[in-house]
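Chemist: have a look at this prediction, sequence included:
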Amino acid sequence: MKIKLIVGFRRDQEHSIDASEAHKAYYLFLHPEARGVFSNGLAIKGDQIQEIVPDWQGTMGWNPTHNLDSNDWNEMQAGGIPMRLRSIIGAAKDIAQIGNTEDLNVPIQTLLEGKYAGMRSRTIEARNGATSSIKELLQANR
């Protein structure tokens, strides 16, 4: 799973990072004066981040310039990708708000299995009305 940090208006001003570091991205977004380095080597200051969005192409392993069409969305929906990515992003935002700076160096899956295990029981409702816990969604991602 991947998320994208948007730092400008051009396509070359988008950076893809692993979703396991999404809480670090949200922490930087919420603390504009802070600086962070991601596992892919991206070093960024919080005030540079304009948006944090799902990286659909990166998550699926497609070329970053690939334009998504209805068949792509159907494939992602069938695999439960949007629901899983939204649950990870939601948990990352919560951890960034309530966590401490030591949590930023720990993958989000580890935090949700340990320190923030209570968050795993939150449920996410899909468009079809089915619900899944964050724990179930993270296990399906492995």
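Modeler: That came in fine, so what should we check first?

Chemist: where along this structure do the helices fall?
Modeler: Ranges of helices within the chain are 22-30, 56-60, 70-79, 81-98, 108-113, 134-141, based on DSSP state H.

Chemist: could you check the angle the fourth one makes with helix 22-30?
Modeler: This means helix 81-98. Here helix 81-98 runs at 60 degrees with respect to helix 22-30, directions being taken by axes from the mean of the first three to the mean of the last three Cα atoms, to 10 degrees.

Chemist: next: the third one.
Modeler: Angle, helix 70-79 to helix 22-30, by the same axes, to 10 degrees: 120 degrees.

Chemist: quick one: pLDDT of Phe9?
Modeler: According to the per-residue confidence, Phe9 scores 86 in pLDDT.

Chemist: again with Glu14
Modeler: For Glu14, the model assigns a pLDDT of 93.

Chemist: show me what contacts it?
Modeler: Lys4, Leu5, Ile6, Val7, Pro64 (Cβ atoms under 8 Å, 6 or more residues apart in numbering). C-beta coordinates here come from the backbone N, C-alpha and C atoms, glycine included.

Chemist: buried stuff in stretch 31-47?
Modeler: Taking 16 or more other Cβ atoms under 10 Å as the basis for neighbour counts, the residues of stretch 31-47 that come out buried are Ala34, Gly36, Phe38, Ile44, Gly46.

Chemist: need the contact list for the third one.
Modeler: What that stands for is Phe38. Applying Cβ under 8 Å, 6+ apart, the residues contacting Phe38 are Ile17, Asp18, Glu21, Lys24, Ala25, Ile44.
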